[in-house]
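Novice: What shape does this take:
(chains A and B)
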Amino acid sequence: MGDLIRMRVLALALKDIKALTVNKKELLLHILLPALIVLMVAALFGGEPALYGEVVLVNHDGEGMAEIFMERLKEERGLKVLVTDQNEAQRKLMSSEILMFTEIPAGFTETLSQGEPPEIKVYRRGVGGSSGQMLLALLKAILAEMSGEVQITRLAQEIAAEHGENPLQDQEVLIPFMESFLRSARLNPTVKVEEIPLGRPQNMAAFFISGVMTLFMVFTATFYAQNFVEEKNNKIMERYFFVGLSKGEILLGKFLGCFFRGAFQLVAMLLVAVLFTKVLSGVNLIYILSFSLVFIAAVSSVGIFIGAIFPKPGQALWASIIFTLINSALGNTFAFARTETALVNYINYFTISYYANSGLRGLITGDGLLFSIKGEVFILIFITVLIFAVSGAVFSPAENS
Amino acid sequence: MIEMLNVVKKYNGLKALDNITFSVNREEIFGLLGPNGAGKTTALRIMSMLVKPDSGEVIINGMHQKENNRRIQGLLGVCPQEIALYLELTVRDNLLFFGMMGGLSRKKAVIRAEELITEMDLEEKAREKVSLLSGGMKRRLNIAVSVIHKPRVLFMDEPTVGVDPRTRASIFSLLHNFKNNGMTIIYTTHYMEEADRLCDRVAVMDRGRIIALDAPKVLKSSLDPTGQISLEDVYLKLTN
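Specialist: Numbers count the residues shown, from 1 in each chain, chains lettered A, B, ... in the order given. Here you go, the predicted structure:
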């Protein structure tokens, strides 16, 4: 008897997969489209670590100090230095491709070498954006550091010239000594900032890929509700009943059908993410797959619930669209609230996507262990069981009974 | 085979079935006739256990419906008015799927599907998607799926609505075959000529009650001993 039930439930679920594979429109909507969107995100963000800025430089000086300035900028981690000409930089700024660029004027090296305040020009749209303001502070700090070094060296040279017995000989010794001293000072700054990496680097691809995956998993599962109601309306559910399936078997079969569809879609999305981004790989991928399956189970139960309570396919479709919209607009799917105390942060707790996004991002950019997101796993399992049980209570294979 | 005893069903306070009692004999084609809203479909859905009555008893094959729900369920088959099939799957896949749902092993489901494909004259279309079949072929397949698990009782809710005369004739032929193979058929229809030709007995319903029940021939002769009257005339007279 148990084998028969298992066979029928499985046959019911697999029928839905077969129906999906022979229906080109559904295949396009549920499998190819999500995979393409993931591919698009990969193409846009490439899985590279997030840059905190790109500095566009126009070098009219071309002398030693300008070169040192550029080298120092390049040493900054995560900062991309792009050297271009004035016209190109202005064109990019005017077309908003960039929000600011920096001009190193002619005579920059000469001015700095003479111990005078160095001058650079910053062209920007507005304040140059938040990253522009950070870049400006960085440019000033590097220039101040270079200026300070030049001034200390000049001071030492002056002292040697005034008090030394043999100024030229002293300078030959003094200059390498000062250079060595300043290098050492840079390596051992007076203010020490220890950088402690926790988890993997945050990156845009990880953020958007988890959002896209969540969105499509919610959409596919709840969209299935329409199919569920259509089967109720055209009496296919009644057929199940008459060939001896119990209400529980019908629901479980449909739940698994929905789950398999979601899993099928997930594999397509993950495959693209693995092939085209650097954010998903190795053991981490197994955890991401496992966690996503838990999430698919939760949204499948929501899909079944929508299918069980609505009598008309159109109503089920609207319910699934609204549910998908809420879960993509909220739940940190594509955007975070700026402040922790924002009302939206509290509302997020009532969205299913919040737990999916939190878990997925925890796996992608956190320590990558399933154990570390056990809270999210527990909540999603709880939601699955609860909503499935409620669906069982309200579902009837025959309409109007 | 089926007994309905003092069955009452109300929807929003209105009596859809008002204390009806009748029985259907084994291997009989039994017609339920009546205008829209007479209670035919409600009676059919209560007999087929899709709807629970407010009061009264339904006994099928000697078993009380309330106590033997699961056992009775396996004896019944329903052919709805709607085409309750997976349009994107092939004829054979639909039969195989519902056969396996009915508890047949894959091997047995394949054998049964082939039997029905032949019986329904669908051999040439077995590999076609249902969406590509003609209306008549869909109707035949709809019936085939309803009997895939070899039910003892088949409920048919207006299965000939919108079908051409040829398809209708082939459906009648199928139903006679089913009857000859021991099946009991309960049939609702608006077409009096159809009921006259097909049914062994008919029950005429109006406003939730059975106002006449007998063989078409007997009903006709009761109103016109010469037998010149049609069943439609009897129906119109009885339902005003």
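
Novice: residues making contact with the helix or strand of chain A with the lowest mean pLDDT?
Specialist: Scoring the helices and strands of chain A by mean pLDDT, DSSP states H and E places helix A:167-187 at the bottom, with a mean of 71. By Cβ atoms under 8 Å, 6 or more residues apart in numbering or on different chains, the residues outside helix A:167-187 that reach it are A:145, A:149, A:152-153, A:156-157, A:160-161, A:164. All C-beta atoms are positioned from the backbone trio N, CA, C, and that covers glycine.

Novice: Over to stretch B:98-111?
Specialist: A:4, A:7-8, A:11-12, A:239-240, A:243-245, B:95-96, B:112-113, B:145, B:148-149.

Novice: and after the longest helix belonging to chain B, which helix or strand comes next?
Specialist: Using DSSP state H to define each element, chain B has its longest helix at helix B:165-180. Downstream of helix B:165-180, the next assigned helix or strand under DSSP states H and E is strand B:184-189.

Novice: is that next one anywhere near chain A?
Specialist: No: using Cβ under 8 Å from any Cβ of the partner chain, we find that strand B:184-189 stays clear of chain A, coming within 13.3 Å at best.

Novice: hang on, the earlier thing: buried set for the longest helix of chain B?
Specialist: Neighbour counts using 16 or more other Cβ atoms under 10 Å in any protein chain shown place B:167-168, B:170-171, B:174-175, B:178-179 of helix B:165-180 among the buried residues.

Novice: can you list the domains in chain A?
Specialist: Listed by automatic domain parsing, the domain ranges of chain A are A:2-47+A:205-394, A:53-187.

Novice: before we move on, back to that, closest one of the buried residues of helix B:165-180 to chain A?
Specialist: Lowest distance from chain A to the buried residues of helix B:165-180 (Cβ to the nearest Cβ) belongs to B:F178, with 15.2 Å.

Novice: Run through the residues that contact B:V58.
Specialist: With Cβ under 8 Å, 6+ apart, B:V58 has these contacts: B:2-5, B:7, B:46-47, B:49, B:64-65.

Novice: Contact residues of chain B facing chain A?
Specialist: B:45, B:48, B:50-52, B:70, B:73-74, B:76-78, B:80, B:82-86, B:88-89, B:93, B:97-98, B:100-103, B:129, B:145-146, B:148-149, B:151.

Novice: you'd agree B:V202 is in a strand?
Specialist: Yes: assessed with DSSP: H, G, I helix; E, B strand; the rest coil, B:V202 lies in a strand.

Novice: So in terms of bridging, what pairs with it?
Specialist: B:G31, B:D214 (DSSP bridges).

Novice: now do B:K10
Specialist: Under the criterion used (DSSP bridges), B:K10 bridges to B:K15.

Novice: in what helix or strand does the residue nearest to the spatial centre of chain B lie?
Specialist: The centroid of chain B falls nearest to B:M156 when counting by Cα atoms, centre = their mean (2.0 Å). Using DSSP H and E, B:M156 maps to strand B:153-157.

Novice: which strands and helices sit next to that strand?
Specialist: When contacts are defined as 3 or more Cβ pairs under 8 Å, 6 or more residues apart in numbering or on different chains; DSSP states H and E, strand B:153-157 packs onto helix B:40-47, strand B:76-79, helix B:135-146, strand B:184-189.

Novice: Would you list the strands that it pairs with, along with their directions?
Specialist: Paired with strand B:153-157 in the same sheet, following DSSP bridges, are strand B:76-79 (parallel), strand B:184-189 (parallel).

Novice: Please indicate which of those strands has the most neighbours on average?
Specialist: The highest mean neighbour count among the strands paired with strand B:153-157, using mean count of other Cβ atoms under 10 Å in any protein chain shown, belongs to strand B:76-79: a mean of 26.

Novice: What angle do helix B:135-146 and the helix or strand following that one make with each other?
Specialist: Going down the chain from strand B:76-79, the next helix or strand is helix B:91-101, by DSSP H and E. Interaxial angle of helix B:91-101 relative to helix B:135-146 (axes from the mean of the first three to the mean of the last three Cα atoms, to 10 degrees): 20 degrees.
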